[in-house]
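K.L.:
generate coordinates for the sequence data below:
(one chain, ligands or ions: 1)
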Amino acid sequence: MLKIEHFSKTYPGGKRAVDDLSLNVAPGEIFGFIGHNGAGKTTTLRAVAGVMDFTEGTIVIDGHDIRRQSIAAKAVTAFLPDNPDLYDFLTGIQYLNFIADLYELPGGVRQERIAKYADAFQLTGSLGSAVGGYSHGMKQKLALISALMRKPRLLILDEPFVGLDPAASHLLKGYLAELCAAGGAVFFSTHVLEVAEKLCHRIAIIKDGRLVRQGATAELVGDSTLEEVFLELEGASQP
Ligand SMILES: Nc1ncnc2c1ncn2[C@@H]1O[C@H](COP(=O)(O)OP(=O)(O)OP(=O)(O)O)[C@@H](O)[C@H]1O
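P.N.:
Residues are numbered from 1 along each chain as shown. Below you'll find the model as predicted:
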């Protein structure tokens, strides 16, 4: 579903944020991407989502090269940044309809899906209000609904659990599993290692822009916890 090969990104000014990263995410897989602050997670996710160009390597989504077939790749991908930038002057429902129009989601299907996800995330009563008045968590829920309603083949999420209340986090985990059961795939970054350990089929750990470990969660963790494995790789001292 997602194939990243020898991906590198050097920012203008010379910072090499990611160096020679390769990984695959298979259909049906929830893939967690973890690493310290500044490790290169957001840089990678933004390149995969096609919102940032990169220096070297190839990124292929569902058979479409993100550079050469960017529209086809983006048509099957949804990306939720850590701080979604929505249109404050639109109401929630106007925003969802705007996204549904962009991705040509037919009327009946969109209404049914918006109703389903908005009810579940308890946002239905706020859809008539301007997004500018939403709390951070409400904006995040709206952005999530806009991504989920499209039923993307690949869902890319940057720190999706930060700022969500426990009920919304629980719901989201269920929806990620649902998307994968339907043959989609999820690639997400997180600092919440307990969630990653429980939720992810496979995990990659990035350190200073380089992939230092990847594999099936059970194999990667072994008899330890993900936190222990992570801290050991980081060389961090444990109490
Ligand atoms: N626009 C930019 N210009 C220059 N350097 C950048 C830019 N964006 C990120 N970087 C640098 O690239 C490196 C990787 O940043 P990135 O945002 O990908 O890390 P991250 O793993 O997502 O971190 P966090 O967990 O803190 O969100 C960091 O050293 C950061 O300072």
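K.L.:
let me know the pLDDT of Ala236.
P.N.:
If you check Ala236, the pLDDT there is 62.
K.L.:
my bad, should have said Pro84
P.N.:
What the model reports as pLDDT for Pro84 is 85.
K.L.:
ok, it - contacts?
P.N.:
Taking C-beta atoms under 8 Å, 6 or more residues apart in numbering, we find Pro84 in contact with Lys139, Gln140, Leu142, Ala143. Backbone N, C-alpha and C define where each C-beta goes, glycine included.
K.L.:
bridging residues for the residue sitting nearest the centre point of the chain?
P.N.:
Here the mean C-alpha position of the chain is nearest to the C-alpha of Leu157 (C-alpha atoms, centre = their mean), at a distance of 1.4 Å. Beta-bridge pairing of Leu157 under DSSP bridges involves Leu80, Phe188.
K.L.:
ok, Ala130 next?
P.N.:
Thr91.
K.L.:
my read: it touches Ile93, true?
P.N.:
No: Ala130 is beyond contact range of Ile93, at 10.8 Å (criterion: C-beta atoms under 8 Å).
K.L.:
return every residue with contacts to both of those two.
P.N.:
In contact with both Ala130 and Ile93: no residue, using C-beta under 8 Å, 6+ apart.
K.L.:
what does this structure have sitting close to the ligand?
P.N.:
Applying C-beta under 6 Å from any ligand atom, we find that the chain lies next to the ligand at Tyr11, Gly13, Lys15, Ala17, Gly35, Asn37, Gly38, Ala39, Gly40, Lys41, Thr42, Thr43.
K.L.:
rerun that using 5 Å as the cut-off
P.N.:
Residues of the chain lying near the ligand by C-beta under 5 Å from any ligand atom: Tyr11, Lys15, Ala17, Asn37, Gly38, Ala39, Gly40, Lys41, Thr42, Thr43.
K.L.:
quick check: the fifth one vs Leu21, distance?
P.N.:
Which is Gly38. Counting by C-beta to C-beta, to the nearest Å, the separation of Gly38 from Leu21 is 15 Å.
K.L.:
then His191?
P.N.:
Distance of His191 to Leu21, computed by C-beta to C-beta: 19 Å.
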